[in-house]
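Asks: below: sequence and its predicted model.
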Amino acid sequence: MLRQSARQLCADSSVYQYHVSFPFVDGTHSYSPTLPAGTEVARYISVSHGVRLLEPATLAEFFSYDEEYPFLQGIPTHYATEEFSSLKFYPVPDADAEAEASCIVFLALCPTNTATGLDQDVFSRYREGIVDGAAARLMAQPDKPWSNPQLSGYYAGRYRAAVKNASGQALRGRVGVEARIKPVWFGV
């Protein structure tokens, strides 16, 4: 139950963030980022080629951009995920893309279904939320000596609050600043 709760908290909040970079290889269209043991991708936060952010797209959109895909080569402008474990790029990276810069990927991770541990920093910061999620799941099981629907709801509420808190921290890069909004004035 703890593993399931930790997986869900990480997936719901994107709090377990990681980055990896790798060089493009001329003509290679599929790349699988190397991840820490016992983790998998919850979501891709951003993908860039050097300092240029790439736009997310679907594989179907790649073919709609140009019927030559996957044979069209150039400097990538878009990326798509394939089964969350790998990335594909449009156009397929060529020698210029290979020479220009590395691909930098920021992603949110979660433990795998078989993981035996969790990143120490994530666990120490969010252990109460993880335990609350596990308690809610346990108490929601029907016809067990530990079943308690009322307490399950209480712990589920605490878990949702922990996810909301973790999500806010993830959005702000886990620094103590508040999100700032710049007003846009409309002409009268």
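Replies: Here it is on my side, so go on.
Asks: for V131, give me its contacts.
Replies: Applying C-beta atoms under 8 Å, 6 or more residues apart in numbering, we find V131 in contact with L2, S5. The C-beta positions use only the backbone N, C-alpha and C, and glycine is treated the same way.
Asks: tell me which element it is part of?
Replies: helix 120-140 (DSSP states H and E).
Asks: go through that helix and flag the buried ones.
Replies: Within helix 120-140, the residues that qualify as buried are 122, 125-126, 129-140, counting by 16 or more other C-beta atoms under 10 Å.
Asks: which elements pack onto the strand or helix carrying Y79?
Replies: Assigned by DSSP H and E, Y79 belongs to strand 78-82. Contact here means 3 or more C-beta pairs under 8 Å, 6 or more residues apart in numbering; DSSP states H and E; on that basis strand 78-82 packs against strand 39-49, strand 55-56, helix 59-65, strand 86-90.
Asks: and the next helix or strand after the longest one, how far out from the chain's middle?
Replies: What that stands for is strand 39-49. Note on strand 39-49: by DSSP H and E, the next helix or strand toward the C-terminus is strand 52-53. Chain-centre distance of strand 52-53: 18 Å, with C-alpha atoms, centre = their mean, to the nearest Å.
Asks: which strands border strand 52-53, and is each parallel or antiparallel?
Replies: Sheet pairing of strand 52-53 (DSSP bridges) gives strand 39-49 (antiparallel).
Asks: buried residues in the partner strand?
Replies: Buried residues in strand 39-49 (16+ other C-beta under 10 Å): T39, E40, V41, A42, Y44, V47, S48, H49.
Asks: domain ranges for this structure?
Replies: Residue ranges for each domain of the chain read 17-111, 120-170, as given by automatic domain parsing.
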